[in-house]
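> Build the 3D model from these lines:
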Amino acid sequence: MALGRILHFLSCTPYWKSTLVIITEDDPQGGVDHIDAHRSVLLMAGPYVKRGYISHRHANFGSLLRVIYTVLDLPAVNQYDKTASLLDDFFTPVPDYTSYEAEEADVRVYDAKKSLQKYGKNFDWRKIKQGPRMDDEGEQRKDHYQQKH
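Down below sits the predicted model:
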């Protein structure tokens, strides 16, 4: 739910047109999947990333660095970064600027309202669906001072 909210927010901003979000685990530890303990999560999002695409290309952390270096037009730091797979299959030359829509979590898995009850807070899904309101300092101050401390 948090990742969905972050992507929803970013994709509704003017910065989205030049954004690439890379999501991975730093150490899967006990998160072994049913095929191979060496596998880990890798997700990418942005207007130049194919939506709903599943890559079957081998990747490692060097591959992520190579993608970052390539996007930023920087040279590789070492031979591992230079020879890592590029993961260019994730990308498309035709951007899709459609915003991501955060989806409400299935309450059988996670109930946001219930998790916030102990803090005396309420979760308003409709407010989240409205999208981001950025950089309104007056609103941020008001929200900050209205919070229970």
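> What are the buried residues along stretch 53-65?
Judged by neighbour count (16 or more other CB atoms under 10 Å), stretch 53-65 contains these buried residues: 59, 62-65. Heads up, the C-betas are built off the backbone N, CA and C, glycines and all.
> tell me which of those residues is nearest to Asp88?
Here the nearest of these to Asp88, counting by CB to CB, is Ser63; it sits at 10.3 Å.
> contacting residues around the residue nearest to the closest one when sequence neighbours are not counted?
Nearest non-adjacent residue to Ser63, counting by CB to CB, 6 or more residues apart in numbering: Ala84, 4.4 Å away. Ala84 sits next to 59-60, 62-63, 65-66 when contact means CB atoms under 8 Å, 6 or more residues apart in numbering.
> Quick check: the farthest pair among these?
Most distant of the contacts of Ala84, by CB to CB, are Ala59 and Leu65, 10.8 Å apart.
> Could I get the CA-only coordinates of stretch 107-123 as CSV?
Provided in CSV are the C-alpha atoms of stretch 107-123 (Å, rounded to 0.1, in the frame of the first residue of the first chain):
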residue,chain,number,x,y,z
VAL,A,107,-8.7,-5.7,4.4
ARG,A,108,-8.1,-9.5,4.8
VAL,A,109,-4.4,-8.7,4.2
TYR,A,110,-4.1,-5.3,5.6
ASP,A,111,-6.7,-3.0,7.3
ALA,A,112,-5.3,0.5,7.3
LYS,A,113,-8.1,1.8,9.5
LYS,A,114,-7.5,-0.8,12.1
SER,A,115,-3.8,-0.3,12.2
LEU,A,116,-4.2,3.4,12.9
GLN,A,117,-6.8,3.1,15.6
LYS,A,118,-4.2,2.7,18.4
TYR,A,119,-2.7,6.1,17.4
GLY,A,120,-6.1,7.8,17.4
LYS,A,121,-5.8,8.5,13.7
ASN,A,122,-8.1,7.9,10.8
PHE,A,123,-7.3,6.6,7.3
